[in-house]
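Trainee: Using only what follows, build the 3D model:
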Amino acid sequence: TPSEHCASPSELREIDVVGGAACAIQVQVEQSGFVSIVHPGSNYDRFQPDSGEILRVPWAGGDFPTVESGCDAPCEVSGLRCLCTASVFTEAVFARADTLPSPAEDDAQLR
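Mentor: Got it, this is the predicted structure:
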């Protein structure tokens, strides 16, 4: 279950890659669109809400959840930010090393 894989941040590195196990986490979306990872049950400050550990992420069409819009599902209002449920899946993206895309093709696929 996701909770078995998310008991501590170190377990995020130990997810069963072959089985494609999922890990339920949350992201806190800042008013700027930057996010921070929130790991419920973690003892690490950097994985707590309002940690200040923010990351820039690309948003499709530049749209991201905001408090003004009510933090649409799967998000909820948390102070001046949106707290959203997310899932991490670890699985092979490329099946064969001899068919890897060029860096430009790879970048285009990730957007």
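Trainee: What does the residue of the chain most remote from its centre show for phi and psi?
Mentor: Largest separation from the mean C-alpha position in the chain: Asp98, at 29.3 Å (Cα atoms, centre = their mean). Note on Asp98: its backbone torsions stand at phi -80, psi 0 [degrees, to the nearest 10].
Trainee: The one 10 residues further on too?
Mentor: Here is the backbone geometry of Ala108 (degrees, to the nearest 10): phi -60, psi -40.
Trainee: Next, find the distance separating it from Ser102.
Mentor: According to Cβ to Cβ, to the nearest Å, Ala108 and Ser102 sit 9 Å apart. Glycine gets a C-beta too; all of them are placed from N, C-alpha and C.
Trainee: go on, Glu91?
Mentor: Computed with Cβ to Cβ, the distance linking Glu91 and Ser102 is 22 Å.
Trainee: now Ala60
Mentor: Between Ala60 and Ser102 the distance is 23 Å, computed by Cβ to Cβ.
Trainee: For Ser42, grab the count of nearby residues.
Mentor: Neighbour count for Ser42, taken as other Cβ atoms under 10 Å: 16.
Trainee: With Gln26 instead?
Mentor: Neighbours of Gln26 using other Cβ under 10 Å come to 20.
Trainee: Begin at 26 from now on, thanks
Mentor: Got it, the first residue is 26 from now on, which makes the last one we talked about Gln51.
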